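[1] just a sequence and a predicted model for now, questions to come.
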Protein chains: 2
Amino acid sequence: MPNPTAAMIVIGDEILSGRTRDSNMNYLARELTKAGIDLREARMVSDDREAIIAAIKALSDEVDHVFTSGGIGPTHDDITADCVAEAFGVGIDVRDDARALLAAHYERQGSEFNEARQRMARIPDTATLIDNPVSIAPGFRIGNVHVMAGVPSVFEAMVTSVLPTLTGGAPLLSQTLRIERGEGEIAGPLRQLAEAFPELSIGSYPYQKNGVFGANIVIRGQDGVQVDAAMSRLAELFPA
Amino acid sequence: MPNPTAAMIVIGDEILSGRTRDSNMNYLARELTKAGIDLREARMVSDDREAIIAAIKALSDEVDHVFTSGGIGPTHDDITADCVAEAFGVGIDVRDDARALLAAHYERQGSEFNEARQRMARIPDTATLIDNPVSIAPGFRIGNVHVMAGVPSVFEAMVTSVLPTLTGGAPLLSQTLRIERGEGEIAGPLRQLAEAFPELSIGSYPYQKNGVFGANIVIRGQDGVQVDAAMSRLAELFPA
């Protein structure tokens, strides 16, 4: 059976202006790979209503699970929840369950639960909440879309609470061989190896270090015996 | 006049499996911001023919300039050039100008210009070459799509040769104020500030450090006088 599929939407002008370097996509990618869920695509979009809605509609049709990061805080530029509601054609308002969580949190802190903070309790109708052990303001799931915060510590905590609820596939096994030769010298034998093991994915990832070109060859597959066999053949072809 | 727009496509299974952390998107984003070109979207797609072709078609219709990174090396998993040719409905073959560059390079190196390396001279019909001072194998431009290598040193060199050929817009000016208070406390005044300066973009980027929540407020716009005025107002609202 093929593995479940996923896509990610990273929301925020600060990513596309280059001001902030996104780390959530790489974190999610590694967690999904461990869980046997194939991340097929990641899109970074700006804080733009049309762009966010279009990405949610397109990707939630294409894959089994969509994960978003960013845009669910209390400030005026946090528009993700409203966009998700519109993409699913449902209403959105401050919801009692989310409000109760936040009210208790700010009471414990002795901070005012003001209008801006109440915005974080705006949850689309029919959505279920995603736990946020770091800063309480919840994420949510509606349909196959999981809406999570952009702050990495919060995003990672939310992923940790979501992933065990999803059915994964067979984890992808991978082995890597570093070859200190230019890709042009190894490409021919590598193609033959890929043809001999059609069920495996064999990738060549070139690098340049101190003026020397080399490549990391990564063999991936769900069948450990085949991955081992292909790696042995590769090591014979290119002894260290 | 609005600034020219751009999109990026990062191609490679290694990014989506989490094995490799992409750095090309952030590099390009910062260079485009300096040049006054708005990066609207970035997509990371796998080494999959259909996915690459679909992304090229969709984004080259939507924005002024598309930049791709990855998948133009000599190995069997490098399929970007063929996908671009198909997206534009043109033929592709080893081309004399690219072959001449590479043949001279490998002769200087005393390496064989073998079949795999000749693959790197496959260029879609009507495309123009993009100079690669690092490792010679060229990128290319066809229509509004700039096809570049994935190895960061090569990607960055190619961006450097491409950017001066594009017409930029007014560079985006930005000023940042770091406020050591939770977003929930500053969101109200911030919204009023954003309403008072409708031509500026005012973003709030929360962080958490050592258990303390704060936010970087970034004010962006093309009019330096307005950016200064808004920043003065912000600094009065939230004195350090």
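    In hand now; what should we look at? Numbering: from 1, shown residues only, chains lettered A, B, ... in the order given.
[2] how close does the residue nearest the centre of chain A get to chain B?
    The C-alpha lying nearest the average C-alpha coordinate of chain A belongs to A:Leu28 (C-alpha atoms, centre = their mean; 3.7 Å). Counting by C-beta to the nearest C-beta, to the nearest Å, the gap from A:Leu28 to chain B is 8 Å. Glycine gets a C-beta too; all of them are placed from N, C-alpha and C.
[3] what does the host helix or strand of that residue contact?
    Secondary structure assignment for A:Leu28, by DSSP states H and E: helix A:24-35. With contact meaning C-beta atoms under 8 Å, 6 or more residues apart in numbering or on different chains, helix A:24-35 is reached by A:6, A:8, A:10, A:38-39, A:42, A:67, A:69-70, A:150, A:152, A:155-156, A:159, A:163, A:166, A:168-169, A:171-172, B:15-18, B:21-22, B:44.
[4] that one to helix B:24-35, inter-axis angle?
    Here helix A:24-35 runs at an angle of 170 degrees relative to helix B:24-35 (axes from the mean of the first three to the mean of the last three C-alpha atoms, to 10 degrees).
[5] which of the residues in helix A:24-35 are buried?
    A:24-29, A:31-33, A:35 (16 or more other C-beta atoms under 10 Å in any protein chain shown).
[6] let me know the closest of the residues you listed to A:Met1.
    Relative to A:Met1, the closest of those is A:Ala35; by C-beta to C-beta it sits at 14.8 Å.
[7] check what pLDDT the closest one gets.
    A:Ala35 is assigned 91 on the pLDDT scale.
[8] what's the weakest-modelled helix or strand in chain A?
    strand A:201-209 (a mean of 86; mean pLDDT, DSSP states H and E).
[9] can it be found next to chain B?
    Yes. Remark: strand A:201-209 sits within contact range of chain B at A:201-208, by C-beta under 8 Å from any C-beta of the partner chain.
[10] most neighbours, which of the residues you listed?
    A:Gly203 (26 neighbours; other C-beta atoms under 10 Å in any protein chain shown).
[11] thought it was touching A:Ala215?
    No. With contact defined as C-beta atoms under 8 Å, A:Gly203 and A:Ala215 do not form a contacting pair (9.5 Å).
[12] please see if the helix or strand following the least confident helix or strand of chain A touches chain B.
    The helix or strand immediately downstream of strand A:201-209 is strand A:212-221, counting by DSSP H and E. Yes. Looking at strand A:212-221 against chain B by C-beta under 8 Å from any C-beta, the contacts come from A:213, A:215, A:218, A:220.
[13] among the contacts of helix A:24-35, name the buried ones.
    Counted by 16+ other C-beta under 10 Å, the contacts of helix A:24-35 give A:6, A:8, A:10, A:38-39, A:42, A:67, A:69-70, A:150, A:155-156, A:159, A:163, A:166, A:172, B:15-18, B:21-22, B:44 as buried.
[14] so which of those belong to helices?
    Among those, DSSP state H puts A:155-156, A:159, B:15-16 in helices.
[15] turn these into TSV, columns for pLDDT.
    Listed next are those as TSV, based on pLDDT from 0 to 100:
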residue	pLDDT
A:Phe155	96
A:Glu156	96
A:Val159	95
B:Ile15	96
B:Leu16	96
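[16] and of these, the nearest to A:Glu185?
    B:Ile15 (24.7 Å).
[17] can I assume the closest one is in contact with B:Asp47?
    No. Using C-beta under 8 Å, B:Ile15 is not in contact with B:Asp47, being 9.9 Å away.
[18] now the strand or helix carrying A:Ala58: average pLDDT?
    Using DSSP H and E, A:Ala58 sits in helix A:49-62. Summarised as a single mean, pLDDT over helix A:49-62 is 97.
[19] how is chain A divided into domains?
    A:5-165, A:173-237 (automatic domain parsing).
[20] with respect to B:Ala230, which of the ones you listed lies nearest?
    domain A:5-165 (13.7 Å).
[21] start to end distance for the closest one?
    Start and end residues of domain A:5-165 are separated by 15 Å (C-alpha to C-alpha, to the nearest Å).
[22] how far off centre is it?
    Domain A:5-165 sits 11 Å away from the centroid of its parent chain (C-alpha atoms, centre = their mean, to the nearest Å).
[23] check the secondary structure at A:His146 for me.
    strand (DSSP: H, G, I helix; E, B strand; the rest coil).
[24] wait, what's in contact with it?
    Going by C-beta under 8 Å, 6+ apart, the list of residues near A:His146 reads A:65-68, A:130, A:139-140, A:158, A:162.
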